[in-house]
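[1] okay, predicted coordinates and the sequence, questions at the end:
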Amino acid sequence: MVLQDKKALVTGASRGIGRAITDMFLAEGAEVWGLGTREPAELDAWTAQFQGKLHWISADLASLHSIEPILQEHLKAVQGFDILVNNAGITKDNLAFRMSLEDFQKVLDVNLTAAFLVARTVGRDMIRRKKGSIINMSSVVGIHGNGGQINYAASKAGLIGLTKSLAQEIASRGIRVNAVAPGFIDSDMTRAMPESAKEKMMDHIPLKRLGTPEDVAAAILFLASDASGYITGQVLAVDGGMFC
């Protein structure tokens, strides 16, 4: 178990990629605190499955002023996290000239500003203990852009800049900061796409399949573990070779 006795905080943990990360961390021996706006309906059964090693923090990352006090409270009780995964994110897609300022700002608030606040709060404690791994969830959209997602692309590009800058600031304290950039992942959104759109998408993926949440979680697991102990400030694309 590569994360035996590690304590991890995963934001956006209730479903999709966040759920896969949480399950994989737990299976690899970590104790995990999942953070999300709402408790999953099956939280009791999920917690029982992992014999009390899964905990839940209810917090709305859109409420920026409440983030740090909530995390400070849990940091005291937990006595510090070894791993932080900034996975939470939202979309509010539209063409740039039809997008409201509110929708632009809301996506940046949740995807980028909240990630900064979580990383700063947890990172301060990691600095004190001189150890830790922070992984930020970016996207290939943050590297290459995507029409109709100017707010989402800007937030994910911002996370890459945040990752590289923070890595330089705290590497000397024994803390690593990296990002993962998923491509097209099997999800509710991609399942709802027309078949013609899926076929067109597959033409750009050399591996000829969508990624799974577990594919992304495996990359996160590597960056969280000691196996990546000499890696920091990097962006790992999990995209089936879309942009190789």
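    That came in fine, so what should we check first? Numbers count the residues shown, from 1 in each chain.

[2] so which residues of the protein form helices?
    16-27, 43-49, 64-78, 101-108, 114-129, 140-144, 150-170, 188-191, 195-202, 213-224 (DSSP state H).

[3] redo the ones you listed as a markdown table? Include distance to residue 230 and mean neighbour count.
    To be clear about C-beta, it is placed using only N, CA and C from the backbone, and glycine gets the same treatment. Shown next, in a markdown table, are these (distance: least, CB to CB, whole Å; neighbours: other CB atoms under 10 Å):
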| stretch | distance to residue 230 | mean neighbour count |
| --- | --- | --- |
| helix 16-27 | 21 | 23 |
| helix 43-49 | 34 | 13 |
| helix 64-78 | 27 | 14 |
| helix 101-108 | 32 | 15 |
| helix 114-129 | 18 | 19 |
| helix 140-144 | 23 | 19 |
| helix 150-170 | 12 | 19 |
| helix 188-191 | 34 | 11 |
| helix 195-202 | 35 | 11 |
| helix 213-224 | 12 | 22 |
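
[4] ok, which of these comes nearest residue 84?
    Residue 84 sits nearest to helix 114-129 of all these, at 4.7 Å, using CB to CB.

[5] on that earlier part again, in JSON lines: the helices of the chain, plus mean pLDDT and distance to residue 92.
    Formatted as JSON lines, these follow (pLDDT from 0 to 100; distance: least, CB to CB, whole Å):
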{"stretch": "helix 16-27", "mean pLDDT": "96", "distance to residue 92": "17"}
{"stretch": "helix 43-49", "mean pLDDT": "88", "distance to residue 92": "27"}
{"stretch": "helix 64-78", "mean pLDDT": "93", "distance to residue 92": "17"}
{"stretch": "helix 101-108", "mean pLDDT": "97", "distance to residue 92": "4"}
{"stretch": "helix 114-129", "mean pLDDT": "97", "distance to residue 92": "15"}
{"stretch": "helix 140-144", "mean pLDDT": "95", "distance to residue 92": "14"}
{"stretch": "helix 150-170", "mean pLDDT": "98", "distance to residue 92": "6"}
{"stretch": "helix 188-191", "mean pLDDT": "71", "distance to residue 92": "13"}
{"stretch": "helix 195-202", "mean pLDDT": "77", "distance to residue 92": "20"}
{"stretch": "helix 213-224", "mean pLDDT": "98", "distance to residue 92": "22"}
